[in-house]
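J.: Quick one: sequence plus predicted model below, questions after.
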Amino acid sequence: MTPPLAVALTDLEMDALTELVNLGVSNAALSLREMVREEVILSVPKVSVLARDEAIASIGEGDGRRLVAVHQHFQGDIEGRALLIFPEAKSMELVRAVVGGDLPLEELMELEQEALAETGNVILNGCLGTIANNLQHSLRISLPEVVYGGGSEFFNLAPPPDVADGVVFIYINFLVRERDIKGYIAMLLDFPSLVTLKGMLARFIERVGEGTVTRSHAS
Amino acid sequence: MPLSEQDREKSILGAINGGLILLDSNERVIGWNIWMESVSGLSEADVSGKTLAEIFPGTDLKRLPSAVTAALTSSASTLITNALNPHLLPLRNRSHRPLLHDIAVSPIGNQPVTTCMVFVTDVTMATNRERYLRQQQNARYDAVVESAPDVIITIDHEGRIQFANPAAASHLGYSATELIGREAVTLFETKSEFVATWQSAVASAVSTRPRELIAHRKDGSRTYLEASASQWKTGSRFFVTVILRDINQRRATAAALIELNQTLEQRVLARTAQLMTAEDALRQSQKMEAIGSLTGGIAHDFNNLLAVISGNLHLLKRDVAGNAPAELRVKNALDGVARSAKLSSQLLAFARRQPLAPKVINLGRFIEDMEDIIGKAVGEGVTVETIIADGLWNTLIDPGNVENALLNLAINARDAMEGQGSLTIEVGNAFLDSDYVRTHEDVVRGEYVLITISDSGTGMTPEVMAKAFEPFFTTKPEGRGTGLGLSMVYGFVRQSGGHIKIDSKVGQGTTIRLYLPRSLQAEDLLVDIDAMPVIGGNEMVLVAEDDEAVRETVVALLNDLGYRVLKAKDAQSALSIIESGMPIDLLFTDVVMPGTLKSTELARKARERIPYLAVLFTSGYSQDAITNSGSLDENVELLSKPYSRDALARKLRHVLANATQRKSMQASFGTALLTVKYPPKKLLSVLVCEDDPLILYSTIELVRLMGHQATPAADAQTALSILSTKPIDILLTDVGLPDMSGEQLVEQALLLNPELAIIFASGQAQGSGAPSSIGAITLPKPFTYDALAEAVASAARKSRRS
Amino acid sequence: MTQKILIVDDSKLARMAVIKALNSLRPDWTRLEASNADEALALIRNAAPDIALMDFNMPGKDGLTLAVEIKQLAPQISLAVISANHQLEVIERTRAAGAYFLPKPLTEKSLGDFLTSVTK
């Protein structure tokens, strides 16, 4: 039985988080476009905040699918890890999409590590950086690292796990050069960071909606 | 003494094996270590206070400037790899070669960040080593795969195509991009078979046995492919490579052959019907010609069927030996067959179906040349005398058939004398007058060259004399004569417009007179237009033949041609000789021999011991009869009895050359795959005409490996129909084809397309005049890949000029 | 002259941000809000707005498709698509549909410029 998430966000806070993620991912798409030199469509069908076990289940490790992730560690007002996760089988497609389809299979496989690392780096930086800026807090983001495995491995990277940890779980769709690749961004936060995040979101809402709550004609 | 902080910093920066650039909040350089100095050629003093764009003007720094900004404003770290961003900065190593580098950009300190670090790492060695290894491993593989005519695809563990070679794209009608990423199973109609192929490759490290699959091209059309698959691993991934060979042609050919066999009877019926409708047309013009050709067709088909019946009856006779009623029935059946055969041979003779190549020759010289052969054929017990008259007239006759007839008659004479006696051969001029003509059938008054052959043998009774020329009639004991010899002599003489007469008395001997029409023309030089000069050889030949007379003749002929000969009287003893380890090059065997081991079995076992053994079968039956009765494979070489010395010599060289060709093709295939030296500048369309299927298909493969288009044809008619429907640049043909000679094919081909370039592939020695006179290129068999490529290249140059 | 302006965005927060900007730029205009394309179309038929602002990234019908439909349904309405996706291709597609492009996060200035252009 999964323990309930210790920190719950209100609807508006989720809304705000979703908006921020959208902004971040669009920013990432822009940077990615510079790298790929063709239109990149990054969309976010869904954002959730889940307990760790729920997140592992959402990735669906149960059917034995192997995954690849680009992993970056962030520190500052909030601390945790960000992971960009794809099914391993899709990673070659991602590499082709980013690098272009003309190279032979072996060269592509040589490039794979670097392509994944750079692509993941761009997406995660774009996302995290935008969120951080809008929430007006600073984060130090590490260099990317490529890891293979399954959900439980990714989500159990050091520091040691704590059941109260939460995961901001983001489904993303990556469409470039007619290749459609679905993956996830997961931001793992410990309990104090979740609380801090909630506070930051509340302040963000105040800033944005300043003076509007009473005057809008909500439909 | 401990270092001061500054000094320690300096020594650390100096010792780091990487480039360290420090930038302030305005993105200007405040630190530049010694490593950076040595790879950029710029000292710290040169770059202090400048931005990267100012330090490297004109260089596209790609993501580097925004990475620096991100580090300063958002504290984000960025990785820029050499793999995706080659030659970002103009850096060189100590050997002044480009230095391949990764760059990591990170903030230093917390927000507000005042310093950004740009760290440069040298990845040249690792990258180059990987590239070198990959090139080494894959160069040969790539060359084969790129140019292979077979469809080659690589699928990942999910069954998606990760790689497809050019043949895959062109054969299936998709572009490579359309194939990559697609689930391979979607290409196939026989999905479960494909999955089985894939899965068995996954399960086992050994490549799977080939499976037949049906795939769909982009346009929906079906294609038959033979698939074999094997797996390979790299790192943690494994892939399966599937090779798909186009077997559409093979299937079509096999299907056609089956249909052909099944419809033989129907075709006879159809032709009969044709004959009847043709009668109307015949009344208008050249009736005799029309009847002749149609009846010839019927007689030919009848012969096939008769030979099957007859052959089987002969075998049956042996099976029922001892069972008198059965034997009688078989005998009656054989009699019936014999009578039908006579009718059919008369029809054939009437239709003039036996190909003759008549020449004007002087028989005197001719027979003098034959003395040796005849002497060997009859053996030492028989004295041979030849008498040639002076002033001998010329005659227009097929020399091969004369030779043959004389040998046959000589051997008959020898048998009649039981190996001891005298044989006289006379040649002189003769005139048959009206009186003679009146009293004899089927003879025309006029001048003739007369050959008289007399022996001192047992002679014939009048009854025997009457039947002497009937096909299958023989007085010889079982297994010692087919009974075809005299009837063929008869047929040949008649065809040549001559007359044959036997005179014999029991106990005194036999005289046979051959009257051949005089020719007033000058003598032709005895060189066939389409025959190469007869070349012998010194290979070792094993002769398996149960008929003693025939065996002795063959051995004599072979020795005369220079071959080393071993002999065996049946298949079993022939096999013993082979198993004893003798280095035999060619097995020459009669098809029908007594004993438990059949000649076909003998050939198969012999080839097990000597893989590239040349095999030549001989038989009194025609080729069609043999293959349709199922006793022989369609693609064995057969020399029909009776044969001339020339024909034997040519056939031997042909078969020996083909065997050597096959051997060298296996080897040359290997080299061809590794050394594709002739990427074509212009794609050519080559038509290959060759009746030996293995050589035909191997040649097609080699031509395709060169990058050209290759179309097969197993005989001249097929080649001509292809030439009239498809654009062809080069015709590569064997000299000897089943339905016409290579030269004749070329003649007709040039009528269809005067610009056609010609290559002759020949197993016989060079020296024929005709091919070179039309500007053709000769490619002697056995040929290697290089020789073939050379020939194609010269033909291409010729065709470009025209 | 007061105008009716329709704001379409699935995010309440984003709508709040637009309204906040409107409060300083055009405080007297009537505001209508919709959280998806269907609601937006209903409002267009019933309430006849003069200007419509829509978010590009919405579940179901996206803002651009909606813009094209509105152009056919009520061509007199001035349209703007707001999006965080600033790639050239998106901007071009928006312009091709006959709508303005406003980048997210929305600034008062860009909104102000747009409103001024369409009310001339």
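T.: Okay, I see it. Residues are numbered from 1 along each chain as shown, chains lettered A, B, ... in the order given.
J.: Going by C-alpha atoms from here, please, whenever you check contacts or count neighbours.
T.: Will do.
J.: Closest to the centroid, which residue in the chain?
T.: No chain was given, so I picked chain A. Centroid-nearest residue in chain A: A:I185, 2.6 Å away (criterion: Cα atoms, centre = their mean).
J.: Actually, chain C is the one I wanted.
T.: C:L53 (0.6 Å).
J.: which residues sit in contact with the residue nearest to the centre of chain A?
T.: A:82-85, A:169-172 (Cα atoms under 8 Å, 6 or more residues apart in numbering or on different chains).
J.: pretty sure B:N658 is in a helix, no?
T.: Yes - counting by DSSP: H, G, I helix; E, B strand; the rest coil, B:N658 is found in a helix.
J.: Correct me if wrong: it contacts B:P780.
T.: No - look at B:N658 against B:P780 with Cα atoms under 8 Å: they stay out of range, at 10.7 Å.
J.: So those two - more neighbours on which side?
T.: Higher neighbour count among B:N658 and B:P780: B:N658, with 23 against 19, using other Cα atoms under 10 Å in any protein chain shown.
J.: Return the list of helices and strands in contact with the helix or strand bottoming out on mean pLDDT in chain A.
T.: Counting by mean pLDDT, DSSP states H and E, chain A has its least confident helix or strand at helix A:151-154, which shows a mean of 76. Packing contacts for helix A:151-154, counted by 3 or more Cα pairs under 8 Å, 6 or more residues apart in numbering or on different chains; DSSP states H and E, involve helix A:52-59.
J.: Which elements pack onto the helix it packs on?
T.: When contacts are defined as 3+ Cα pairs under 8 Å, 6+ apart, helix A:52-59 packs onto helix A:151-154, strand A:166-176.
J.: and after that helix, which helix or strand comes next?
T.: Going down the chain from helix A:52-59, the next helix or strand is strand A:67-76, by DSSP states H and E.
J.: can you give me the mean pLDDT across that next one?
T.: For strand A:67-76, the mean per-residue pLDDT is 88.
J.: Identify all contacting residues around it.
T.: Under Cα under 8 Å, 6+ apart, the answer for strand A:67-76 is A:79-89, A:91, A:116-117, A:120-121, A:124, A:137-151, A:154.
J.: on that earlier part again, ok, now how distant is the residue nearest to the centre of chain C from C:N46?
T.: 17 Å (Cα to Cα, to the nearest Å).
J.: Likewise for B:V427?
T.: B:V427 sits 125 Å away from C:N46, taking Cα to Cα as the criterion.
J.: quick revisit: tilt between the helix or strand hosting the residue nearest to the centre of chain A and strand A:166-176?
T.: If you go by DSSP H and E, A:I185 is part of strand A:179-189. Using axes from the mean of the first three to the mean of the last three Cα atoms, to 10 degrees, the inter-axis angle of strand A:179-189 relative to strand A:166-176 is 160 degrees.
J.: returning to that earlier point: quick one: the residue nearest to the centre of chain A and A:R81, what's the gap?
T.: 10 Å.
J.: Likewise for B:G736?
T.: Distance from B:G736 to A:R81, by Cα to Cα: 79 Å.
J.: Could you check how far the host helix or strand of A:A132 is from the centre of its chain?
T.: For A:A132, the host element (DSSP H and E) is helix A:105-134. Computed by Cα atoms, centre = their mean, to the nearest Å, the chain-centroid distance of helix A:105-134 equals 11 Å.
J.: Could you do stretch B:60-80 as well?
T.: 66 Å.
J.: what about that stretch, how long is it end to end?
T.: 13 Å.
J.: Just the mean pLDDT for that stretch, thanks.
T.: 89.
J.: is any part of the worst-scoring helix or strand of chain C on mean pLDDT close to chain A?
T.: Within chain C, confidence by mean pLDDT, DSSP H and E is lowest for helix C:88-96 among all helices and strands, at a mean of 85. Yes - on the criterion Cα under 8 Å from any Cα of the partner chain, helix C:88-96 is in touch with chain A at C:88-89.
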